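> Quick one: sequence and predicted model below, then my questions.
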Amino acid sequence: MKIMIHAEAVEEMLHKKAEQLKLPVSGTFELSPLCNLNCRMCYVRKEKRQLKGCPLRSAEDWIKLAKEAREAGMLFLLLTGGEPFFYRDFPRLYQELSHMGLVISINSNGTLIGSQEVEWLKKSPPKCINVPLYGSCESTYEKLCGDSKGFHKAMNGLEMLKNAGIPTRINVSITPDNWEETEEIFQIGKSLSIPVRAASYMFPPVRKETVSTGRKVRLSPEEAAAALYQTERITMSAAAMEKKAEIVRTIKEEKEKQFHENKKPPMSCRAGLSSFWITWDGQMTPCGMLEKPSKPVFETGFEEAWKYISEEREHIVTSVTCAACPMHKICPSCAASGFAETGRTDGTPDYLCRMMESYCQLYCESSGQQNN
């Protein structure tokens, strides 16, 4: 009997095994903070003039590092930025990394993808190119990204990737400037037969030197809850929504549990256990939203940096309040969100508490109306 195993299931099994062995099976290379767009909510982007004293690493540097990481166990690699296609020598770098046998994904805004890029991508297709669609019209791209032609360029990139058969996914970060266009973005994905993944929770810009002023960059907790609920109404069947409502009702009925352990709860994600992040200026961290612990990987070498990060990860603790909360089962709270929201990995992110409370209330109200 032939047994079919889905690629995602295989990846999950490999991660589970890597977690047991503390092997860095998955990594992210943040190649550059430079980007052709200037998105208001981006926490990485810098102008070229801001790089004085800290030049970008060469393709040779990243290739050498990738070889060290592969020797240590890395199989899955995400290339991000900034904008990777804005990075000098990106085609050559990608081909070299691909020839190592790595399973590569790319985060790209899609606006720089043309016929030349598609041709060399087709020779060694990535696992997936993740393209954020910031809106469904040019005016939204101008407001959010500073490019009045950004929507047209992103759509052109998406269509070229689709026509070339290169695996692609659309991501959408829901903000005050684009939340009314969420359904239209899902329709765009449907028309192109490209899956869409939406996120309504946005981390505070912990790595950004200056925070945007004027219009707010992210939704209020209650608005984020409504946006999350809306995306689930768009993507889930009525039966699935009712099943989710049952889970939410059960959670709402539970009381907060007493956390009996003598020490605060540890991290429960893969960061620093089987995955790592390397920033454009060469710091290895557990994930892109945790600045500490960190190690200058190009100076110390991959093996020493990974040893330090994986050991320090064991000392990171999370919120006791979150661990004891029934909503923790469906809440995205973690060490990184605790740090971003409160300045401490064990801090309790009030924003997420309010967001998830409102989210659960929406499900309960909707279920009650259906029952009536």
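That came through fine.
> what residue ranges in the stretch 1-150 of the chain score low on pLDDT?
1-5 (pLDDT under 70).
> residues touching Gly338, list them.
Taking CB atoms under 8 Å, 6 or more residues apart in numbering as the criterion, Gly338 is in contact with Thr318, Ser319, Cys322, Arg344, Thr345, Asp346, Gly347, Thr348, Pro349. In this view, the C-beta of every residue, glycine as well, is placed from N, C-alpha and C.
> wait, what's in contact with the first one?
Pointing back at Thr318 there. Lys264, Pro265, Pro266, Met267, Ser268, Ser333, Cys334, Ala335, Gly338, Thr345, Asp346.
> TSV for those residues, including distance to Lys149?
Output for those, formatted as TSV (distance: CB to CB, whole Å):
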residue	distance to Lys149
Lys264	49
Pro265	48
Pro266	47
Met267	42
Ser268	43
Ser333	38
Cys334	37
Ala335	39
Gly338	39
Thr345	41
Asp346	45
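> most neighbours, which of the residues you listed?
Ala335 (28 neighbours; other CB atoms under 10 Å).
> still on that earlier bit, specify which member of the contacts of Gly338 is nearest to Val297.
Taking CB to CB as the measure, Val297 sits nearest to Thr345 out of the contacts of Gly338, at 21.4 Å.
> The closest one against Arg313, yeah?
No: judged on CB atoms under 8 Å, Thr345 makes no contact with Arg313 at a distance of 10.6 Å.
> Pull up the overlap in contacts between the two.
Met267.
> Now do the contacts for the closest residue to Leu75 other than its chain neighbours.
Once flanking residues are discounted, Leu75 sits nearest to Val25: 5.4 Å by CB to CB, 6 or more residues apart in numbering. Taking CB under 8 Å, 6+ apart, we find Val25 in contact with Leu14, His15, Ala18, Gly73, Met74, Leu75, Phe76, Ser274, Ser275.
> Kindly reformat those as JSON lines containing secondary structure and neighbour count.
Converted to JSON lines, these look like this (DSSP: H, G, I helix; E, B strand; the rest coil; neighbours: other CB atoms under 10 Å):
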{"residue": "Leu14", "secondary structure": "helix", "neighbour count": "18"}
{"residue": "His15", "secondary structure": "helix", "neighbour count": "19"}
{"residue": "Ala18", "secondary structure": "helix", "neighbour count": "21"}
{"residue": "Gly73", "secondary structure": "coil", "neighbour count": "17"}
{"residue": "Met74", "secondary structure": "coil", "neighbour count": "26"}
{"residue": "Leu75", "secondary structure": "coil", "neighbour count": "19"}
{"residue": "Phe76", "secondary structure": "strand", "neighbour count": "20"}
{"residue": "Ser274", "secondary structure": "coil", "neighbour count": "25"}
{"residue": "Ser275", "secondary structure": "strand", "neighbour count": "21"}
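> Just the buried positions in the helix or strand where Arg197 lies, please.
Per DSSP states H and E: Arg197 is located in strand 196-199. Neighbour counts using 16 or more other CB atoms under 10 Å place Val196, Ala198 of strand 196-199 among the buried residues.
> One more: stretch 143-158?
Using 16+ other CB under 10 Å as the test for burial, stretch 143-158 gives Lys143, Leu144, Cys145, Asp147, Gly150, Phe151, Lys153, Ala154, Met155, Gly157, Leu158.
> Just the endpoints, please. Distance across that stretch?
For stretch 143-158, the first and last residues are 21 Å from each other (CA to CA, to the nearest Å).
> can you give me the strands for the stretch 201-350 of the chain?
275-278, 283-285, 295-296 (DSSP state E, counting those that start in this stretch).
> other SSEs contacting the longest one?
Here strand 275-278 is seen to pack against strand 26-30, strand 283-285 when contacts are counted using 3 or more CB pairs under 8 Å, 6 or more residues apart in numbering; DSSP states H and E.
> So for it, what gets flagged as buried?
Ser275, Phe276, Trp277, Ile278.
> again, but for stretch 24-38
24-37.
> With distance to Phe298 added, can I get those residues in TSV?
TSV is the format used below for the buried residues of stretch 24-38 (distance: CB to CB, whole Å):
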residue	distance to Phe298
Pro24	16
Val25	21
Ser26	20
Gly27	14
Thr28	15
Phe29	12
Glu30	13
Leu31	13
Ser32	14
Pro33	16
Leu34	18
Cys35	22
Asn36	26
Leu37	27
